[in-house]
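A.B. asks: whatever this is, show me its structure:
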Amino acid sequence: MKTGILALFATAFLAGTTAQAATLDVVKQRGELRCGVSQGVLGFSAPNDKGEWSGFDIDFCRAVAAAALGSPDKVKYVPLSTKERFTALQSGEVDLLSRQTTWTLSRDTDLGMSFVGVNYYDGQAFMVRGDIGVKSVKELSGASVCTETGTTTEQNMADYFSANKIEYQVIAFEKADQTIQAFNSGRCDVYSTDASALYSQRLTLNDPDRFVVLPEVISKEPLGPAVRQGDDQWFKVVRWTLFAMIEAEELGITLGKCRFAPRKRNRRTKALPRHRQRSRQGARARSEMGLPDGGRGRQLWRDLRAPPGQGERAQDRSRSQQALEQRRPDLRAAGPLTYCMFPSIAAD
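C.D. replies: Okay, here's the model as predicted:
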């Protein structure tokens, strides 16, 4: 990219918008972001025995909460089935859908929702029991296939099996755990969904080594978070949160330190000044869209990032870093966005 993400972020909002910031206002007044997630897919969004949620989609919920409310912990996770997810977003039950959802034309035009971008590229695959000896999807003629309703899975299978003249039977369930249980108990021969979910759900099966994911991937599934249509400001808050996280990863910013990964060249001459400039531009953008101000957290960030011998308290950078992490040790799980794009949340 020729320009930094925060520069683009600032430009977008300095241009102004006439949309009402209804969702952002509601989230601020409530003091909590309501984030629609899955009912439990390891690696994406799943609770542990203590009810604590973690995963790829959970991290995005935390990042949006950090941007909008100044803390990644101000999130209520709302587990939703594939059938429930769109209604929950449309009705206002959730402010954001961060739940393995494929971006399609019909969903982007007919369901009153807008995808803010793609954060995971996936594709539909198939899992079978290894002892049946099947090595390819094209050997599944006559098989029964378990899947979930309300997804792109059924239409993808219809197209692929019709093109390859494969006979099959669909057994559809409303919830993921029902689908997995049916497959695990032998009620169907095949389980089909996104490849990432198959590998995740395979770990929950009895004796996972008995099951094999077939090599074919029959579709393109661009997954991404979505918001309700008609609220431009909230849409941009969520979209640029996503973009900031993507570029932070691309630039090698490490968690909790706002530091660039070591490079052989121009680490100080180009990368760091550019990064400090983005922080100033990001502060202006935050002000334009009504997000929390950086406050004292920005000064601490500048001290931490100053080259040796410079800055107001350069000699105390290590102590400042320790104080920062002691105040918000959990922010490391929210990704580099927490520290670098919205450093205000590091302040008391």
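A.B. asks: low-confidence ranges, the chain, go.
C.D. replies: 1-21, 254-348 (pLDDT under 70).
A.B. asks: what are the ranges of the helices in it?
C.D. replies: 5-14, 22-30, 56-69, 85-91, 105-110, 153-163, 176-184, 195-202, 232-250, 272-289, 296-305, 317-327, 336-340 (DSSP state H).
A.B. asks: and the longest one, which residues are buried?
C.D. replies: To tie it back to what came earlier, the one meant is helix 232-250. 233-245, 247-248 (16 or more other Cβ atoms under 10 Å). Any C-beta I mention is one placed from the backbone N, CA and C, and that applies to glycine too.
A.B. asks: now the second one
C.D. replies: Of the residues in helix 22-30, those buried by neighbour count under the rule 16+ other Cβ under 10 Å are 23-24, 26-28.
A.B. asks: farthest-separated two in the residues you listed?
C.D. replies: T23 and K28 (9.6 Å; Cβ to Cβ).
A.B. asks: overlap in contacts, the two.
C.D. replies: Listed as contacting both T23 and K28 by Cβ atoms under 8 Å, 6 or more residues apart in numbering is no residue at all.
A.B. asks: for G252, what are phi and psi?
C.D. replies: phi 80, psi 30 (degrees, to the nearest 10).
A.B. asks: how many other residues sit next to it?
C.D. replies: For G252, the count of nearby residues is 13 (other Cβ atoms under 10 Å).
A.B. asks: dig out what Q169 forms beta bridges with.
C.D. replies: Taking DSSP bridges as the rule, Q169 bridges to S144.
A.B. asks: can you report how many residues neighbour it?
C.D. replies: Counted with other Cβ under 10 Å, Q169 comes out at 11.
A.B. asks: show me the contacts for it.
C.D. replies: With contact set as Cβ under 8 Å, 6+ apart, Q169 has these partners: 143-145.
A.B. asks: just give me the closest of those residues to F44.
C.D. replies: V145 (22.0 Å).
A.B. asks: how many other residues sit next to the nearest residue in space to C146 that is not next to it in sequence?
C.D. replies: Leaving aside its sequence neighbours, C146 sits nearest to C188 (Cβ to Cβ, 6 or more residues apart in numbering; 3.9 Å). Applying other Cβ under 10 Å, we find 21 other residues in the vicinity of C188.
A.B. asks: highest neighbour count among the contacts of Q169?
C.D. replies: V145 (22 neighbours).
A.B. asks: out of everything not next to it in sequence, what's closest to it?
C.D. replies: Nearest one to V145, counting by Cβ to Cβ, 6+ apart, is V190 at 4.4 Å.
A.B. asks: one more: V94?
C.D. replies: Take V94 and drop its neighbours on the chain: the residue closest to it by Cβ to Cβ, 6+ apart is G36, 3.8 Å away.
A.B. asks: same thing with A46?
C.D. replies: G40 (4.5 Å).
A.B. asks: burial of the one you found, as a residue count?
C.D. replies: So G40, with other Cβ under 10 Å, has 19 neighbours.
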